[in-house]
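Peer 1: structure of the sequence below:
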Amino acid sequence: MTDDIAKNCSRCLGCDFAIFNDGNVFENFASQLGINGDWTIPAEAPSFDSKGVARSSGRRGCWLLSSKSRVATKDVNEHLRFLLGVLLPHREVIIKAATGGDTVFTVHWSGQAYPYASGPALAVDCVAGIAKLNAELVFTVHQTQ
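Peer 2: You can find the predicted model right below:
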């Protein structure tokens, strides 16, 4: 896809990268990466019943980094390139922290709901970078009138 088409299709509100995991892998995660995330939620500790049997809390821990306040353009690829530029040098640490969990990129997208409207056009380098982090890709659409 040409740059002109990709730029015309991009109305990105921001992108997030998140790691979800059940363990306490995020306690020293920011210091391991040298990156402070926008927020971290620890996994909820299991509760115990009267017989001492652990029950799962169901809440997974999460570490999230967002491009929203860091990238001024509405081009989805620039938001993803920012995140990938920060994250890919720490690929091994990120994949280790995600073991048993999930890594997810979320593209927050704004547009009108037209029949046959195209969504964001992702550049090959962005798709390759997302794959290197073993991440899923999710799109959230914020409809405009």
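
Peer 1: and the pLDDT at Asp125?
Peer 2: Predicted confidence (pLDDT) at Asp125: the value is 97.

Peer 1: show me the helices in the chain, by range?
Peer 2: With DSSP state H as the criterion, the chain has helices at 3-9, 29-33, 76-87, 91-98, 124-132.

Peer 1: relative to Thr40, which of these is closest?
Peer 2: Among the helices of the chain, the nearest to Thr40 by C-beta to C-beta is helix 29-33 (7.2 Å). (Each C-beta comes from the backbone N, C-alpha and C, glycine too.)

Peer 1: quick one: contacts of that closest one?
Peer 2: Contact with helix 29-33 is made by 36-37, 40, 63, 90, 93-94, 97, as judged by C-beta atoms under 8 Å, 6 or more residues apart in numbering.

Peer 1: highest neighbour count among these?
Peer 2: Trp63 (27 neighbours; other C-beta atoms under 10 Å).

Peer 1: which residues touch that one?
Peer 2: Contacts of Trp63 (C-beta under 8 Å, 6+ apart): 18-19, 26, 29-30, 37, 39-40, 97.

Peer 1: show me what it bridges to in the sheet.
Peer 2: Ile19, Thr40 (DSSP bridges).

Peer 1: burial count for Asn28?
Peer 2: For Asn28, the neighbour count with other C-beta under 10 Å is 9.

Peer 1: pLDDT below threshold where in this structure?
Peer 2: The chain contains residues with pLDDT under 70 at 1-10, 24, 44-50, 52-59, 112-118, 143-145.

Peer 1: can you pull up the most central residue in it?
Peer 2: Against the mean C-alpha coordinate of the chain, by C-alpha atoms, centre = their mean, the closest residue is Phe17 at 1.8 Å.

Peer 1: most tightly surrounded among the helices of the chain?
Peer 2: Most buried of those, by mean neighbour count (mean count of other C-beta atoms under 10 Å): helix 76-87, with a mean of 21.
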